[in-house]
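Novice: the following block contains a protein sequence and its predicted model.
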Amino acid sequence: MSRSLEIYREACEVFPGCVNSPVRAAVKPYPFVVERSEGPYIHTVDGEVLIDYVLGYGPLILGHRHPHIRKAIENQLERGWLYAAPTEVEVRLARKILGHVMPNGLVRFVNSGTEATHLAVRLARGYTKRRCIVKFDGCYHGAHDYVLISAGSAAQHYGVPYSEGIPEEVIKTVLIAEYNNTDVVEKLFREMGSEIAAVILEPVIGNFGVIPAKMEFLKTVRELCSRYGALLVFDETITGFRLGLGGAQQLYGVSADVVVLGKIIGGGLPIGAVVARRDIGINISPSGRVFNAGTFNAHPLSMAAGLATIEVLESEPVYTVCRRAAEEVSKAFLEASRGGVQINRVESMLQVFFIDRPVDSVAVARMSNTRLYEEMHVELRRRGVFVTPSQFEAIFTSYAHTREVVERTTEAIHDVFRRIRGWS
Ligand SMILES: Cc1ncc(COP(=O)(O)O)c(C=O)c1O
């Protein structure tokens with residue numbers, strides 16, 4: 001028996017579904033157990049070395065154990081790792097983030113994307129004194145009651161887009177619309193505009209595979225929010241600092257009133273952030289009456305790792321390397337399948353769909369052949385390449401995905417598609 005299986009069996013005795021976050025259980029036939037990581041690689045306890053295209057589900061844009069981040073964490077460790085009191089590093093990270101995302105805005109650091117969207121929705125309700133939010137079918141905004149309604153990601157993978165345990169009263173305040181469909185949003189605003197506090201969305205969906213927003217869609221939603229006095233909340237937990245320093249706002253040229261960040265801004269340590277226009281953000285406690293607090297908010301290690309990450313993003317050709325790797329990998333999927341798959345890619349996030357039409361909506365993504373996707377994941381893993389086991393997540397590249405690493409990946413992709421009958 002492999003060491004992974006031994007440990008996994010023990011895990012099954014102590015964790016619901018054997019894991020601590022659902023998607024981890026999707027690795028078949030059972031999840032490998034990690035021993036360590038370095039650059040683009042994950043080393044398992046069984047001695048496997050896998051090229052990692054999951055990258056912690058997005059945060060590790062510089063790859064594993066980047067020396068600059070490691071040093072920053074070590075320096076902070078030397079001086080202690082929890083004060084629950086102000087630090088200089090939190091101010092420096094906030095200034096960096098605001099400079100790229102919302103000059104003159106305000107930031108509240110929390111510990112996860114989930115906490116950040118939770119606060120963002122409460123803030124929107126508190127600021128507008130309205131109760132409803134508009135959320136899109138298939139978008140994932142974390143694991144709390146306000147947004148676990150028609151959700152993507154693992155909620156979709158495991159067939160629970162509507163989680164049990166959420167009060168009917170909460171569900172009634174969440175209006176579900178179809179992504180990339182402006183007519184539906186317009187209708188919602190026409191009928192309920194005075195009750196809508198905010199529209200929350202992923203400006204590129206990264207939790208239903210990858211589905212980019214149409215420019216027209218984002219512009220219309222922006223315009224409707226302004227017209228009806230609702231806040232536009234961009235959940236950039238994945239896209240923030242991945243699509244470029246200015247994230248999706250910069251890429252699409254559309255400004256949000258509130259931007260939620262997470263993942264990359266913590267350099268691989270737990271983090272979330274709500275970035276809000278000053279007149280909105282000022283309503284968060286203690287300066288305002290929208291309450292938020294946290295023992296671990298602005299954790300010094302996360303602050304140090306996040307600041308070091310952004311320093312590298314600003315000074316080295318990270319985005320060029322990541323984009324080139326993502327382009328090469330996308331090309332390999334298309335060539336190896338002889339055009340038999342659809343690839344959606346935005347900068348360094350992509351996903352493969354086994355379907356014969358463009359995937360421009362959640363409805364089309366739902367129709368793709370997830371069994372083939374999962375088989376592909378297993379076959380790639382056998383050849384030393386780890387892509388997410390779930391169709392409803394994204395494949396990411398990092399600064400550590402050098403030409404040589406990508407070349408080995410593309411060989412594996414070609415081999416997988418050559419060997420499996422009916423794929424080409
Ligand atoms: C767009 C988006 N929002 C929120 C979250 C929740 O973040 P976290 O897992 O840090 O709670 C995620 C996580 O994948 C995400 O992709």
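Specialist: In hand now; what should we look at? The structure displayed is predicted, hence computed values, not measured ones.

Novice: quick one, helices of the stretch 1-150 of the chain?
Specialist: Defined through DSSP state H, counting those that start in this stretch, the helices belonging to the stretch 1-150 of the chain, from first to last, are 3-14, 67-78, 88-101, 113-128.

Novice: which one of the ones you listed is the most hemmed in?
Specialist: Neighbour counts averaged per stretch over these are highest for helix 113-128, at a mean of 24; criterion: mean count of other C-beta atoms under 10 Å. Heads up, the C-betas are built off the backbone N, CA and C, glycines and all.

Novice: list the contacts for the residue nearest to Val341 when sequence neighbours are not counted?
Specialist: The spatially closest residue to Val341, leaving aside those adjacent along the chain, is Val352, at 5.1 Å (C-beta to C-beta, 6 or more residues apart in numbering). For Val352, the contacting residues are Gly209, Phe333, Val341, Gln342, Ile343, Tyr373, Met376, Ile395, by C-beta atoms under 8 Å, 6 or more residues apart in numbering.

Novice: quick one: contacts for the fifth one?
Specialist: Okay, so that is Ile343. Applying C-beta under 8 Å, 6+ apart, we find Ile343 in contact with Ser330, Phe333, Leu334, Leu350, Gln351, Val352, Phe353.

Novice: what's the helix or strand for it?
Specialist: strand 342-346 (DSSP states H and E).

Novice: measure how the helix or strand just after that strand sits relative to strand 342-346, angle-wise.
Specialist: Once strand 342-346 ends, the next helix or strand along the chain (criterion: DSSP H and E) is strand 349-353. With axes from the mean of the first three to the mean of the last three C-alpha atoms, to 10 degrees as the basis, strand 349-353 and strand 342-346 are set at 170 degrees to each other.

Novice: who does strand 349-353 pair up with?
Specialist: Listed by DSSP bridges, the sheet partners of strand 349-353 and their directions read strand 342-346 (antiparallel), strand 395-396 (antiparallel).

Novice: who touches Leu106 in this structure?
Specialist: Neighbours of Leu106 in contact, by C-beta under 8 Å, 6+ apart: Val275, Ala276, Arg277, Arg278, Gly281, Ile282, Ile284.

Novice: what about 7 Å?
Specialist: Residues in contact with Leu106, defined by C-beta atoms under 7 Å, 6 or more residues apart in numbering, are Ala276, Arg278, Gly281, Ile282.

Novice: from the residues you listed, pick the one nearest the ligand.
Specialist: When the contacts of Leu106 are compared for distance to the ligand (C-beta to the nearest ligand atom), Ala276 wins out at 16.2 Å.

Novice: which strand residues bridge the closest one?
Specialist: On DSSP bridges, the residues paired with Ala276 through beta bridges are Leu106, Val258.

Novice: next, count neighbours for it.
Specialist: When neighbours are defined as other C-beta atoms under 10 Å, Ala276 has 28 of them.

Novice: which non-adjacent residue is nearest Glu115?
Specialist: Of all residues beyond its chain neighbours, the one nearest Glu115 is Gly272 (4.9 Å), with distances taken as C-beta to C-beta, 6+ apart.

Novice: that neighbour and Ala120 touch, don't they?
Specialist: No - assessed by C-beta atoms under 7 Å, Gly272 is found out of contact with Ala120, at 9.6 Å.

Novice: restricted to strands, list the contacts of Leu106.
Specialist: Judged by DSSP state E, the subset of the contacts of Leu106 located in strands is Ala276.

Novice: report the buried members of the contacts of Leu106.
Specialist: Ala276, Gly281 (16 or more other C-beta atoms under 10 Å).

Novice: contacts only, for whatever residue of the stretch 101-250 of the chain ends up closest to the ligand.
Specialist: Across the stretch 101-250 of the chain, no residue is closer to the ligand than Gly113, which sits at 2.2 Å (C-beta to the nearest ligand atom). The contact partners of Gly113, taken as C-beta under 7 Å, 6+ apart, are Gly142, Thr237, Val260, Gly262, Lys263, Gly272.

Novice: adding neighbour count and secondary structure, write the residues you listed out as a markdown table.
Specialist: Formatted as a markdown table, the entries for the contacts of Gly113 read as follows, by neighbours: other C-beta atoms under 10 Å; DSSP: H, G, I helix; E, B strand; the rest coil:
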| residue | neighbour count | secondary structure |
| --- | --- | --- |
| Gly142 | 21 | coil |
| Thr237 | 31 | coil |
| Val260 | 30 | strand |
| Gly262 | 26 | strand |
| Lys263 | 29 | helix |
| Gly272 | 28 | strand |
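
Novice: ok so, going back, let me know the distance separating the residue of the stretch 101-250 of the chain closest to the ligand from Glu13.
Specialist: To Glu13, Gly113 is 30 Å away according to C-beta to C-beta, to the nearest Å.

Novice: residues of the protein that sit close to the ligand?
Specialist: Residues of the chain found near the ligand (C-beta under 6 Å from any ligand atom) are 57, 112-114, 117, 140-142, 202, 206-207, 235, 237-238, 262, 272.

Novice: neighbouring contacts of stretch 407-415?
Specialist: Ile51, Glu328, Val329, Ala332, Phe333, Ala336, Leu380, Arg383, Gly384, Val385.

Novice: go again with 6 Å.
Specialist: Stretch 407-415 has contacts (C-beta atoms under 6 Å, 6 or more residues apart in numbering) with Ile51, Val329, Ala332, Phe333, Ala336, Leu380, Arg383, Val385.

Novice: so for it, what gets flagged as buried?
Specialist: If you call a residue buried by 16+ other C-beta under 10 Å, then stretch 407-415 has these buried ones: Arg408, Thr409, Thr410, Ala412, Ile413, Asp415.

Novice: the fourth one - nearest residue in space that isn't next to it in sequence?
Specialist: Of all residues not flanking Ala412 in the chain, Arg383 sits nearest, at 3.8 Å (C-beta to C-beta, 6+ apart).

Novice: now the helices for the stretch 201-350 of the chain?
Specialist: Remark: helices assigned in the stretch 201-350 of the chain by DSSP H, counting those that start in this stretch are 215-228, 247-252, 278-281, 300-315, 318-336.
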